[in-house]
Each structure stands twice: as C-alpha cells, then as structure tokens.
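Asker: Got a predicted structure plus its sequence, pasted below:
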Amino acid sequence: MKILAIESSCDETAAAVVENGRTVLSSCVASQIEMHTIYGGVVPEIASRKHVEAVTALAEQALAQAGLSQREIDAIAVTYAPGLIGALLVGVNFAKGVALALDLPLIPVHHVRGHIAANYITHPDLEPPFVCLCVSGGTSAIVDVQTYTRMKILGSTRDDAAGECFDKVARVLGIGYPGGGPMDRLSEGGDFSKYTLPQAHVQGAELDLSFSGLKTAALNLIHHAQQTGEALDLPSFAASFGQAVSDSLVPRTMQAAKLLGYGKIAVAGGVAANRRIRQDLQAACARSGDVLYLPELGLCGDNAAMIGAQGYYEFLDGKRAGWDLNAYATRDISAG
Ligand code: KG4
C-alpha cells in the first residue's frame, strides 16, 4: 500500500511516499528555517504562508521521486495535530483536496505518533510494545507504545519541552535558531561537569519532567556572566546544559522501561539527534540489557516519511478522516 503523506505542523513543509509503513519511496522537505532565523524563532503567520507556497510543488516532487503517478497512490495521510493551527490547516486542507479529487481515503496522523514511527523506517525489526522517549521542540514525554496505535503517556513535561529550552538558551547565546544542533556542536570538547545546573523532580509523579527551572538557571548564568564581564567557557557551558537535559531524560526513561519490562526503548523527535542523550542512553541500555532503537539523524526532525509510516498503521486500524477534519494545536497522543 502506497501512502502520500503531508506534514506542515511547524516550520517544515514535507511530502513523502511510503510503502507499507516501512519503505520510503521518496521524502521531500522544504525548510523555512532561513526565514524564521531573522526573527529568532518561528513566526506562525509566516510559517502558514510559506506552507501554502510550498506544499503543492513538494507533493508533486514526492510523487516524481517515487516514480509514481497520482493514480498509483492508495491513500493520503496528513498531520492534523499538535502544532501551529494555521500551519496545520494548510496541510490538512491540501490533503483533503487531493483525497477528494483522487477519491482516496484520508488518514489523520498525530505528529508525535509520526515521530515514533520514524523508528519503524530505521529499524525494520522494531515492533511494539516498547517505551519511547519523545523529545522535540514542542513535546517531552515518555510514552508506553503498547501497539502501533494504542499509546499511553507515562510522564511528560509540566512546562517547557526540552527542545524549546535548547532553543531559548541558544538564542540568548546568539548561536542560531533552532538552537539544539548548534548547542550540541558547541559542546564538543567541553567539560560536562563544569557548570552546575538544577534538576527538577515532580513530587508524586516520578516520570514527569520539568525544564523551566533549568532554562531559567542557564539564562541567569549567561546574564550574570554578561553583567560581570566574566568569560563563559562556552563549550563547557553547552556541554553542562546538554548533560543536565540528558540527566533529566535518561534515568526516567530507564525507570519507565524497567517498570514495563518490554526490553525495548526507542527515542523520537528532533532532540533525539542530541549526541549526549544518545550516548547516555546507549550506556544505560548496555547496563540494563534493554535494546535501544535510535532513529537515523535524517528522520529525527520533522519530515513526512514518518507520517506516511504511522499513517499506514492508523489505516490498518481503521482510522479515516471525514471532510470535516480539523487541525488541533494540542492533542493527547493516546487520543490518536
Ligand atoms: O522534531 P522537531 O524537528 O520539531 C518538532 O516537532 O518540535 O524538533 C525540533 C527541536 C528544536 O527545538 C531543535 O533545537 C531540537 O529539536 N534539536 C536538537 C538537536 N537537533 C535538533 N536538540 C538537541 N540536540 C540536537 N542535536
């Protein structure tokens, strides 16, 4: 079964063709980062307009790269939540139009479920159940992936997402947007224990996360250095910050894995590209005996291949959208 998938939840317009949930026949991404960099973050209105400009050509490009005509597509999958409303609506309405014109089923896909499904593309042997650490610009959660379409949040952030913190700290340092990648590269050769940054614990909810205190502490440290003229050791600062994020995420993920006993852990989302988090998870899994599944770097960030992968399993589960499909800024992953 060949699915044409559309993704437009934030600042990347993407289209892909995926066969049977696992084989990527094409994957095209048009990034808007250059445009939003001018403003130091995503401007929703601009994001929507850029999606409008890009989406049709990208879908045509995805079909051409897959060597398929419109008639050879079996279904359309589209991200409908969570994300920026205006941005999501562009993809949703485009997908509706294509599905209506070609008389194809329309499959609504939850964006974070898509991030999880990126692992099915990278690891053909991976099947649920497993525990997944989902970390991106908008989400930080530990998810119990019981089946391809039944999921439960075990713990999630009470405030900021991990990626959001990387972005805010990087913006104040003036090292680029989005900031996770630049912070990761800056940490090269730094001392991971040079700066002491706080760890949050949510009482009574051991698997929940919180990053706002860490973000504020990191920003205060930068401002203090700026005001006193103290030279920050930037690689060590970036390394210590990355370590603090990892120390928040990895032990809780391992705790969740131990609780459920599946023996399998996956990671998903843009922050899954972070080298420190990857290394710490690898070391923790080597100790615990859990098998670790990391998505290939090219599939960590937003793309439509992951939407096509998840769309296949949603389709098998009978999920279809009507012509009244809407977009939602927030949506629980367990609601699908
Ligand atoms: O999954 P994604 O592309 O978009 C969302 O669905 O949110 O994630 C983007 C986030 C950004 O916050 C970006 O700074 C972060 O992923 N990111 C990283 C790294 N690469 C991207 N964070 C830490 N380390 C990285 N290497």
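Answerer: Thanks, I have it. Small disclaimer: the values here were computed from a predicted structure and weren't measured. Numbering: from 1, shown residues only.

Asker: May I have the distance across stretch 314-326, first residue to last?
Answerer: Distance across stretch 314-326, first residue to last, is 17 Å (Cα to Cα, to the nearest Å).

Asker: Other residues contacting that stretch?
Answerer: 1, 3, 75, 77-78, 80, 92, 96, 100, 105-109, 113, 148-149, 336 (Cβ atoms under 8 Å, 6 or more residues apart in numbering). Quick note: C-beta positions are derived from backbone N, CA and C, even for glycine.

Asker: Can I get the host helix or strand of Ala95 in PDB, CA atoms only?
Answerer: Assessed by DSSP states H and E, Ala95 sits inside helix 85-102. Output of helix 85-102 as PDB, limited to C-alpha atoms (Å, rounded to 0.1, in the frame of the first residue of the first chain):
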ATOM      1  CA  ILE A  85      -3.000  25.900  13.800                       C
ATOM      2  CA  GLY A  86      -2.500  28.000  10.700                       C
ATOM      3  CA  ALA A  87       0.400  25.800   9.600                       C
ATOM      4  CA  LEU A  88      -1.500  22.500  10.200                       C
ATOM      5  CA  LEU A  89      -4.600  23.800   8.400                       C
ATOM      6  CA  VAL A  90      -2.500  24.200   5.200                       C
ATOM      7  CA  GLY A  91      -1.500  20.600   5.100                       C
ATOM      8  CA  VAL A  92      -4.900  19.400   6.200                       C
ATOM      9  CA  ASN A  93      -6.800  21.300   3.500                       C
ATOM     10  CA  PHE A  94      -4.300  20.300   0.800                       C
ATOM     11  CA  ALA A  95      -4.600  16.600   1.800                       C
ATOM     12  CA  LYS A  96      -8.400  16.900   1.800                       C
ATOM     13  CA  GLY A  97      -8.300  18.400  -1.700                       C
ATOM     14  CA  VAL A  98      -6.100  15.600  -3.000                       C
ATOM     15  CA  ALA A  99      -8.100  12.900  -1.400                       C
ATOM     16  CA  LEU A 100     -11.300  14.300  -2.700                       C
ATOM     17  CA  ALA A 101     -10.000  14.700  -6.200                       C
ATOM     18  CA  LEU A 102      -8.500  11.300  -6.400                       C
END
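
Asker: Would it be right to say that Asp159 lies in a strand?
Answerer: No: assessed by DSSP: H, G, I helix; E, B strand; the rest coil, Asp159 does not belong to a strand; its assignment is coil.

Asker: Up against the ligand, what does the stretch 51-200 of the chain have?
Answerer: Residues of the stretch 51-200 of the chain lying close to the ligand (Cβ under 6 Å from any ligand atom) are Ser136, Gly137, Gly138, Gly163, Phe166, Asp167, Pro178, Gly179, Gly180, Gly181, Asp184.

Asker: again, only this time at 8 Å
Answerer: 83, 111-112, 115, 135-139, 161-164, 166-167, 170, 178-181, 183-185 (Cβ under 8 Å from any ligand atom).

Asker: do the same with the stretch 201-336 of the chain
Answerer: Counting by Cβ under 8 Å from any ligand atom, the stretch 201-336 of the chain comes close to the ligand at 242, 245, 269-275, 277, 300-302.

Asker: make it 6 Å
Answerer: Gly269, Gly270, Val271, Ala273, Asn274, Gly301, Asp302.

Asker: How many residues are close by whatever residue of the stretch 101-250 of the chain ends up closest to the ligand?
Answerer: Nearest residue of the stretch 101-250 of the chain to the ligand (Cβ to the nearest ligand atom) works out as Gly180 at 2.1 Å. Neighbours of Gly180 under the rule other Cβ atoms under 10 Å: 28.

Asker: That one: what's it in contact with?
Answerer: Gly163, Phe166, Asp167, Ala170, Gly270, Val271, Ala273, Asn274.

Asker: If we use 6 Å, what do you get?
Answerer: By Cβ atoms under 6 Å, 6 or more residues apart in numbering, Gly180 lies in contact with Gly163, Phe166, Val271.

Asker: same check, this time on Val202
Answerer: Arg158, Asp208, Ser210.

Asker: Can you report how many residues neighbour Gly229?
Answerer: Neighbours of Gly229 using other Cβ under 10 Å come to 6.

Asker: How about Gln146?
Answerer: 15.

Asker: What of the one 5 residues further on?
Answerer: Each residue near Met151 was counted by other Cβ under 10 Å, and the total is 25.

Asker: Next: the one 3 residues further on.
Answerer: With neighbours defined by other Cβ under 10 Å, the count for Leu154 comes to 22.

Asker: and Val18, what element?
Answerer: strand 12-19.

Asker: Format the CA atom coordinates belonging to stretch 137-149 as CSV.
Answerer: C-alpha atoms of stretch 137-149 as CSV (Å, rounded to 0.1, in the frame of the first residue of the first chain):
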residue,chain,number,x,y,z
GLY,A,137,10.6,21.4,20.1
GLY,A,138,7.1,21.1,21.4
THR,A,139,7.0,17.8,23.3
SER,A,140,8.9,16.0,26.0
ALA,A,141,7.2,12.8,27.1
ILE,A,142,7.8,9.2,27.9
VAL,A,143,5.3,7.0,26.1
ASP,A,144,4.1,3.5,26.5
VAL,A,145,3.7,2.3,22.9
GLN,A,146,1.5,-0.7,23.5
THR,A,147,0.6,-1.3,19.9
TYR,A,148,1.1,0.7,16.7
THR,A,149,-2.0,2.7,17.6
